[in-house]
Structures are given as C-alpha cells and as structure tokens.
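Colleague: Need coordinates for the following:
(one chain, ligands or ions: 1)
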Amino acid sequence: MKHTGQILRIFLFFLCLPLFTAGCYSRTPPLPVPIPVELPSKKITPQPVPVIKHYTVGRSVEDRPIDCHIIGEGEDVTFILASIHGDEKAGVNLAVRLVQHLEKHYYLLKGRKVVIIPVANPDGRALQIRYNARGVDLNRNFTALNRINCSRFGMVEFSEPETRIIDWIIQEHSPDRIVSIHGPLACVDYDGPGRELAYRMADRCGLPVLKLGAKPGSFGSYAGETLGIPIITFELPGEADDQPREYVWELYRDALIEAVTYTPLRRKNYVRSGKDVLFRQADIRSPPVDGIQAGE
Ligand SMILES: [Zn+2]
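Modeller: Sure, this is the predicted structure:
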C-alpha cells in the first residue's frame with residue numbers, strides 16, 4: 001500500500017506539472033525587433049510640365065480665326081508662321097506637325113518658348129489664293145524702307161488685320177528669331193542677321209541658302225532690316241504641297257528643330273545690335289549665292 005501511495009503521488013505530480021509551469025516561458029521565441037533601415041531611394045526626376053496655349057489671336061478680313069500655339073516658356077523665343085500666302089499648303093502641315101512634336105518632346109524647350117501660327121492668311125487658304133480676301137499680298141504689307149503703297153501691297157503699311165496680328169505677336173513676344181514658311185522656291189533665304197541660322201537650317205535639310213533679294217514691304221524686310229531680328233524665309237519645294245504630310249515632315253523636321261533650339265555662336269569679334277549677334281564676314285564659312293529674283 002505504501003508503494004501504491006507513492007506511485008499515485010508521482011503520477012499526480014506529473015499530471016499537475018504543466019499547471020505549475022504555465023506562463024513561465026513562451027512556446028515561440030520572440031520575433032526580432034525590426035531595425036529601421038534607410039534604403040537608398042530611387043531618384044525621381046521631376047518631369048517638366050509643358051506650358052502649352054492654343055488660342056485664337058485674331059480674325060481675318062472675312063472673320064476667319066487666326067490660331068496661335070505657344071509652347072514652353074523662357075527668354076529664348078522663336079516665332080514660326082506659315083501660309084502668309086494662302087496657296088502654299090505644305091508649310092501649314094509642317095507647322096501643325098511641329099506643334100505636335102514639341103508638345104511630345106517638351107525637353108527640347110528648356111528655357112525656350114515657341115510661338116507658332118500655322119495659317120497666317122486663313123482667307124487666302126480658304127480661297128486657295130496667294131492674297132488675302134481684299135486681294136492684298138500680305139507679305140508686302142509691312143513697314144520697311146523699301147515699302148511701296150499700292151492696292152496689291154496695301155495703300156498703307158499694316159492696312160490688313162492679318163499683318164497687324166503678326167506685328168502684335170512680335171511686339172508681345174519679342175522673338176529672338178523668326179521662320180516664315182513659304183514655297184515653292186526650294187531654298188533657305190534670310191534677312192537681317194539671319195545668315196548663320198540660315199546655314200544651320202540648310203545643313204539640316206539639304207536645301208541651298210539663297211539670297212532672293214529684299215521684296216518691298218515684305219515680312220523679311222520688316223523683321224530683318226527694320227527690327228533687326230534674324231528671319232528665315234524657308235522656301236519649300238513646290239512638290240511638297242502634294243507629298244504626304246509625314247514624308248514632308250521627315251524631310252524638314254530637323255531644320256525646324258534647329259531653328260527652335262538654335263543658340264548663336266558667341267565669339268570675341270561680334271557687334272551687338274539689339275538682341276542679336278552680328279558676325280564678321282570671316283566667321284561665315286561660305287558665302288551665300290546671290291541669285292534668283294522670285295516672289296517669296
Ligand atoms: Zn510665299
């Protein structure tokens with residue numbers, strides 16, 4: 001009986017052992033306390049927010065809108081316009097395509113602003129004529145020393161709403177350079193201090209630089225000679241009017257981008273005239289071909 005009691009006590013001891021030891025230890029080891037580690041953060045470069053404005057800047061003789069596109073902001077300003085002659089189609093497509101391209105490739109415009117009027121003469125474009133609705137050649141209606149007052153060029157400078165709008169754009173934005181797209185003379189012409197830019201654009205598209213000669217009261221004479229702004233008359237070849245838009249864009253895109261991103265060479269021997277830099281003859285790598293007298 002004595003042994004039976006001992007066995008019973010031992011049995012009870014082991015039976016109650018879990019009760020005595022409950023809470024004395026954790027069944028699972030404690031999780032390590034996480035130590036905050038500063039991971040190298042992935043560098044996020046903020047994307048520039050494009051400043052884009054599309055608006056109607058004024059209206060033509062027959063009340064058609066003249067649309068203007070402003071892309072980017074900055075001190076460097078390029079003004080590009082097309083179809084001041086209503087029957088020159090290819091330039092319009094090129095200008096519209098340039099607007100789309102710059103919106104997509106906004107990085108090209110750091111510190112730059114581009115002002116684009118794809119159709120400067122909407123009445124002429126609608127009527128498929130060179131002139132505006134009053135029969136005035138808008139590219140002879142500007143102020144210049146060589147100006148001629150007549151019904152075809154306007155009885156007075158800026159007699160037409162279309163040319164007053166162009167002038168307003170110049171006053172408003174003070175462009176550093178201007179490109180006026182024309183056809184069909186297949187060359188890069190310039191007025192005023194636009195020679196270096198003309199050669200750069202010619203390099204990009206294969207058209208020759210030609211001095212077509214100043215036309216009375218032309219936009220080139222006004223901007224280049226009267227105001228001293230480098231201005232390019234970008235004469236597309238005649239066949240561009242009938243070629244597919246994307247094909248023409250591929251041919252002349254780089255020349256327009258060159259104009260937009262152009263930075264004049266800064267050399268020691270230059271003379272400043274307003275905002276422009278005039279270079280010595282010796283700095284120009286090849287002379288222009290003085291040539292054909294035609295009506296850009
Ligand atoms: Zn023209």
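Colleague: Could you look up the SS state of the closest residue to residue 217 other than its chain neighbours?
Modeller: Distance criterion C-beta to C-beta, 6 or more residues apart in numbering; nearest residue to residue 217, sequence neighbours excluded, is residue 147 at 3.9 Å. Using the backbone N, CA and C atoms, a C-beta is placed for each residue, glycine as well. Three-state call for residue 147 (DSSP: H, G, I helix; E, B strand; the rest coil): coil.
Colleague: my guess is residue 147 meets residue 218, correct?
Modeller: No - at 9.1 Å, residue 147 and residue 218 do not qualify as touching, with contact defined as C-beta atoms under 8 Å.
Colleague: of the two, who's got more company?
Modeller: Of the pair residue 147 and residue 218, residue 218 is the one with more neighbours under other C-beta atoms under 10 Å, namely 30 against 19.
Colleague: measure the more buried one to residue 88 for me?
Modeller: Applying C-beta to C-beta, to the nearest Å, the value for residue 218 to residue 88 is 15 Å.
Colleague: Can you confirm whether the helix or strand where residue 233 lies lies near the ion?
Modeller: Assigning secondary structure by DSSP states H and E places residue 233 in strand 231-237. No - Strand 231-237 stays clear of the ion (C-beta under 5 Å from the ion), getting no nearer than 7.6 Å.
Colleague: elements contacting that strand?
Modeller: The contact analysis (3 or more C-beta pairs under 8 Å, 6 or more residues apart in numbering; DSSP states H and E) places strand 231-237 against helix 90-104, strand 177-182, strand 185-191, helix 195-205, helix 219-220, helix 245-260.
Colleague: Repeat the analysis, applying 10 Å as the threshold.
Modeller: Judged by 3 or more C-beta pairs under 10 Å, 6 or more residues apart in numbering; DSSP states H and E, the packing partners of strand 231-237 are strand 76-82, helix 90-104, strand 177-182, strand 185-191, helix 195-205, helix 219-220, helix 245-260.
Colleague: so what strands line up beside the first one?
Modeller: Each strand pairing with strand 76-82, determined using DSSP bridges, is listed with its direction: strand 112-117 (parallel), strand 177-182 (parallel).
Colleague: okay if I get those strands as a markdown table plus mean neighbour count and distance to the ion?
Modeller: As requested, the strands paired with strand 76-82 are exported to a markdown table (neighbours: other C-beta atoms under 10 Å; distance: least, C-beta to the ion, whole Å):
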| stretch | mean neighbour count | distance to the ion |
| --- | --- | --- |
| strand 112-117 | 22 | 14 |
| strand 177-182 | 28 | 3 |
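Colleague: closest to residue 243 out of these?
Modeller: Closest approach to residue 243 among the strands paired with strand 76-82 (C-beta to C-beta): strand 177-182, 14.7 Å.
Colleague: can you list the residues of the stretch 151-296 of the chain near the ion?
Modeller: Counting by C-beta under 5 Å from the ion, the stretch 151-296 of the chain sits next to the ion at residue 182.
Colleague: In TSV, list the strands paired with strand 76-82 along with distance to residue 81.
Modeller: Putting the strands paired with strand 76-82 into TSV (distance: least, C-beta to C-beta, whole Å) gives the following:
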stretch	distance to residue 81
strand 112-117	4
strand 177-182	6
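Colleague: Appreciated, that's everything.
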